[in-house]
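1. need a 3D model of the following:
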Amino acid sequence: MAPSRLEVRTGQYPGKLTRDAFRARFMQRFHDPAYAVERAALDRLEQIAWDAYMDSRKAPITVKAGPGYADPDYDLSADWKAAHDALAHAAEAQRDPATPSRVLVIIGSARNDGTCPGEVSKSWRLARLAAHELEAAGIRHDTLDLSRTVSEYQYQIHPCKGCASTTMPLCHWPCSCYPHHSLGQVNDAMNDIYAQWVAAHGVILIAPTYWYQSPSPLKLMIDRLVCADGGNPDPTSTAGKDVMKAKRLEVDGWDYPKHLAGRAYGVVVHGDVAGIESQRRALSDWLDWKGLVAAGADAKLDRYIGYYQPYATSHADLDEDHAVQEEVRNVARAVAAAVPRLRSGELTPPDAGLRQPRPK
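-> Numbering: from 1, shown residues only. So this is what the prediction gives:
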């Protein structure tokens with residue numbers, strides 16, 4: 001390959017903030033007049049934060065990578081190493097045939113009654129139906145309620161930074177872009193979310209349709225799961241974020257490992273006017289691409305609830321729609337039936353083992 005094909009393109013980043021702009025943004029977190037009594041302390045903290053920002057201290061606490069890494073002497077972020085080790089432990093338990101089957105039920109709505117809407121989401125109600133069926137089938141379930149990102153203090157999913165678009169080995173599994181302490185990009189929820197996905201033998205994703213698409217918290221999670229599809233489990237192989245080293249690693253031959261492949265899935269998408277089919281297809285295609293296995297046609301559901309009725313009566317419409325409630329139960333039943341068969345090897349996708357000519 002010609003060297004020019006591997007050049008690193010730059011010029012978009014506008015540079016660091018001015019001192020005044022940084023201070024204004026830092027102090028905005030302490031806008032409440034109650035903080036005024038600690039103004040001197042805040043000034044000292046702001047100076048420390050400014051120094052960290054100017055020095056780009058992304059990972060101020062590091063540990064040696066140790067055995068098993070391409071460069072055992074590399075200084076890894078302590079945060080990343082802890083997340084990596086937690087995923088390894090979860091993966092070991094997930095693969096153990098003696099462990100109970102687990103299904104992760106994901107609530108993709110941004111609404112709950114602890115914030116501005118003041119009311120629960122229909123997705124949450126449907127998730128409870130699914131959970132009940134899993135319990136009836138003797139399968140443990142964990143719940144991931146993404147509405148927590150709008151109602152819980154500093155529970156965030158930070159945006160994907162697009163490392164994979166530069167080169168796949170630069171996208172680490174789990175994501176190493178966060179926390180970025182010098183930018184204040186902390187309290188990222190994804191390490192715990194990765195662990196929930198890894199521990200699961202199946203996933204049921206339940207989401208409303210916002211403007212023809214997935215709600216913001218769900219899309220943030222989807223983007224941050226890119227590292228599960230081809231991500232690099234060894235940041236020392238790229239010396240952290242050495243772009244050129246990572247590019248060379250990919251063009252020399254990258255196997256794009258699918259870290260979540262082989263799990264069963266079901267999808268429930270609901271809406272009130274338009275867009276449910278396109279979102280359900282997009283979510284199913286995404287899960288298929290990651291190597292998950294659909295639990296049958298009945299496990300992929302899109303339905304309108306209260307079609308063109310007022311938003312104000314949508315919960316009453318769900319109360320009266322016994323058919324959609326039963327269809328959601330069927331999604332859970334299908335996943336509950338698929339999980340043990342996948343684990344035992346009884347259920348094997350017909351295309352398993354085929355070599356993909358386009359692995360990317």
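
2. now the protein, which segments are flagged as low pLDDT?
-> Applying pLDDT under 70 to the chain picks out residues 1-3.

3. helices of that one, start to end?
-> Remark: helices assigned in the chain by DSSP state H are 19-28, 39-55, 78-95, 122-136, 148-151, 163-166, 190-199, 216-224, 243-251, 276-289, 314-320, 322-344.

4. what's the closest of the ones you listed to His181?
-> Evaluated over those, closeness to His181 peaks at helix 39-55, with 6.6 Å, by CB to CB. For glycine as for every other residue, the C-beta is placed from the backbone atoms N, C-alpha and C.

5. helices or strands next to the closest one in the packing?
-> Contact analysis of helix 39-55 by 3 or more CB pairs under 8 Å, 6 or more residues apart in numbering; DSSP states H and E lists helix 19-28 as its packing neighbours.

6. just to revisit the earlier point, out of the helices of the chain, which comes closest to Lys64?
-> Closest to Lys64 of the helices of the chain is helix 78-95 (CB to CB; 9.2 Å).

7. for that closest one, name the packing helices and strands.
-> The contact analysis (3+ CB pairs under 8 Å, 6+ apart) places helix 78-95 against strand 62-64, helix 190-199.

8. any chance of these in CSV, plus distance to Glu277 and mean neighbour count?
-> Formatted as CSV, those follow (distance: least, CB to CB, whole Å; neighbours: other CB atoms under 10 Å):
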stretch, distance to Glu277, mean neighbour count
strand 62-64, 48, 14
helix 190-199, 25, 20
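
9. make JSON lines from those and add distance to Asp75 to it.
-> Listed next are the helices and strands packed on helix 78-95 as JSON lines, based on distance: least, CB to CB, whole Å:
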{"stretch": "strand 62-64", "distance to Asp75": "4"}
{"stretch": "helix 190-199", "distance to Asp75": "19"}
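
10. of all these, which one is nearest Lys122?
-> Distance to Lys122, taken as CB to CB, is lowest for helix 190-199 among those, at 22.2 Å.

11. need the residues that contact that closest one.
-> 79, 83, 86-87, 90-91, 93-94, 102, 104, 142, 144, 157-158, 174-175, 178, 203, 221, 224-225, 228, 259-260 (CB atoms under 8 Å, 6 or more residues apart in numbering).

12. give me that answer again for 7 Å
-> Contacts of helix 190-199 with the rest of the structure, by CB atoms under 7 Å, 6 or more residues apart in numbering, involve 83, 86-87, 90-91, 93-94, 102, 104, 142, 144, 157, 174-175, 221, 224, 260.

13. and those residues, which are buried?
-> Listed as buried from the contacts of helix 190-199 are 83, 86-87, 90, 94, 102, 104, 142, 144, 157, 174-175, 221, 224, 260; burial here means 16 or more other CB atoms under 10 Å.

14. for Ser314, which non-adjacent residue is closest in space?
-> Gly306 (4.9 Å; CB to CB, 6 or more residues apart in numbering).

15. neighbours of that neighbour, how many?
-> A count of neighbours around Gly306, defined by other CB atoms under 10 Å, yields 21.

16. so how far is Ser123 from Gly271?
-> With distances taken as CB to CB, to the nearest Å, Gly271 is found 11 Å from Ser123.

17. circling back to that earlier point, list just the one of the helices and strands packed on helix 78-95 that sits closest to Leu42.
-> Going by CB to CB, the one of the helices and strands packed on helix 78-95 nearest Leu42 is strand 62-64, 28.1 Å.

18. that closest one pairs with which strands, and in what direction?
-> Strands that pair with strand 62-64, judged by DSSP bridges, come out as strand 75-77 (antiparallel).
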